[in-house]
Structure formats: C-alpha cells, structure tokens
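# have a look; sequence and predicted model below, questions after that.
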Amino acid sequence: MKLIILDRDGVINFDSDEYVKSVDEWIPLPGSIEAIARLTKAGWQVAIATNQSGIARGYFDLSTLDAMHDKLATLLTPLGGKIDKIEFCPHGPDVSCDCRKPLPGMFRTIADHYGLADLSGIPVVGDSLRDLEAGMQLGATPYLVKTGKGERTIAKGSLPQGTIVCDDLAAVVDALLTE
C-alpha cells in the first residue's frame, strides 16, 4: 500500500507559535497543496496526524478545526488531490492520553484504519522530533521538512537515525515519486 502520514502545521500550512486559530490563519505553504495532489494522482493514500491542543486551550473549537480541514479539501479538489484520513489530538500537554505526539495513538488508529499491523516503511513527514518519534514507534520511515519548526528541530540535533531531511513537502514528494 502506498500510504503517507503527514503532520499538518508546518508541513502543509504555515505554523505559528501563537497557534493557527482560524480559517483565515490557515494558509498553505507554497507547493504543499500541489504536492498532495501529485501523491493522490500517483495512487497514494494521504493521512494526517496532528496535535491540536488549541482546542483544549480554548483558542478554537471543533467546528473551526473542521472548517480548516474543509478549506484544505476545497483547495485540493480542483487539483485532483484529497486527504483520506485525518486524526487529531485535541488534548493539552497535561492530559494523559495516548494520542498526543510523540505517543503513537493517532498512528495506531491510522494503521488500523488501513488494516495494517504496523507502519513499516510508511513515510511519516513532520517538522518536529515528536512527529517523527510517534510514527517510528510503529516502524515508519521518518522525513523531516525544514519548513515550520523544521530548522529549529535540526538545530537541536539528535534526529533519529535514518531520518531523511527535505526542504519541504514538495521535495519529499519528489523523492518518493522518483523511487
């Protein structure tokens, strides 16, 4: 199965240390929408696993999150792209849940959705260490993008062994589609 799991903020859309709190603040990164469309057209299933603690913090509600994801779908549709599965963790860092990255709960749910025992060889794309760690617990292949918090993540050092670093989502897709 050709499956890829993407983080959202910093990979698909611009991230903010102040949180992306509205549809107007949800702005795609250059080339990200086209990259997802290219994956879709090449037969890939595209899933998103995203921490959204802004819900727990009261910065936005579920209907706003849904509207952000509707905006993503609306931008993808004319290009032939789509997101097949979105998993999000609405919890804050003080809640004991298994879905908040770096824990693998969302990734386990995605694997179950596709009938997979694990995520061996499945690319997981993120801009932070926790994005990569969550997927790697189920055997995924880590891809770090330099967008979002990616440069900060690189500067901290200690990326997991085997991490593939790319400039952005479009570069990840270029690499995957030429393999």
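Yep, it's here.
# gap between the strand ranked longest in the chain and the chain center?
In the chain, taking DSSP state E as the definition, the longest strand is strand 45-51. Here the centre of strand 45-51 is set off from its chain's centre by 5 Å, with Cα atoms, centre = their mean, to the nearest Å.
# nearest residue to Arg8 in space, please, no chain neighbours.
Among residues not flanking Arg8 along the chain, Thr50 sits closest, at 3.9 Å (Cβ to Cβ, 6 or more residues apart in numbering). For every residue, glycine as well, the C-beta is placed using N, CA and C.
# that neighbour reaches Cys89, doesn't it?
Yes: at 7.4 Å, Thr50 and Cys89 qualify as touching, with contact defined as Cβ atoms under 8 Å.
# ok, now which ones touch Phe60?
Residues in contact with Phe60 (Cβ atoms under 8 Å, 6 or more residues apart in numbering) are Tyr19, Lys21, Ser22, Gly54.
# and the nearest residue to Pro142 once chain neighbours are set aside, which of the three is it?
In this structure, Pro142 finds its nearest non-sequential neighbour in Leu132, 3.9 Å apart by Cβ to Cβ, 6+ apart. Under DSSP: H, G, I helix; E, B strand; the rest coil, the three-state class of Leu132 is helix.
# what is the neighbour count of Leu132?
For Leu132, the count of nearby residues is 26 (other Cβ atoms under 10 Å).
# same thing with Pro28?
Neighbour number of Pro28 under other Cβ under 10 Å is 18.
# what's the closest residue to it other than its chain neighbours in contact with, if anything?
Using Cβ to Cβ, 6+ apart and skipping residues adjacent in sequence, the residue nearest Pro28 is Asn13, 5.2 Å away. By Cβ under 8 Å, 6+ apart, the contact list for Asn13 reads Val20, Trp26, Ile27, Pro28, Leu29, Ser32, Leu72.
# could I get those residues in CSV, plus columns for distance to Leu62, pLDDT and secondary structure?
As requested, the contacts of Asn13 are arranged in CSV below (distance: Cβ to Cβ, whole Å; pLDDT from 0 to 100; DSSP: H, G, I helix; E, B strand; the rest coil):
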residue, distance to Leu62, pLDDT, secondary structure
Val20, 14, 97, coil
Trp26, 15, 98, coil
Ile27, 21, 98, coil
Pro28, 21, 98, strand
Leu29, 24, 98, coil
Ser32, 23, 98, helix
Leu72, 16, 98, helix
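# picking up where we left off before, how much space between the residue nearest to Arg8 and Leu177?
23 Å (Cβ to Cβ, to the nearest Å).
# neighbour count: those two, which is higher?
Shown here are Thr50 and Leu177; by other Cβ under 10 Å, Thr50 has more neighbours (21 against 13).
# read off the pLDDT value for that one.
Thr50 is assigned 98 on the pLDDT scale.
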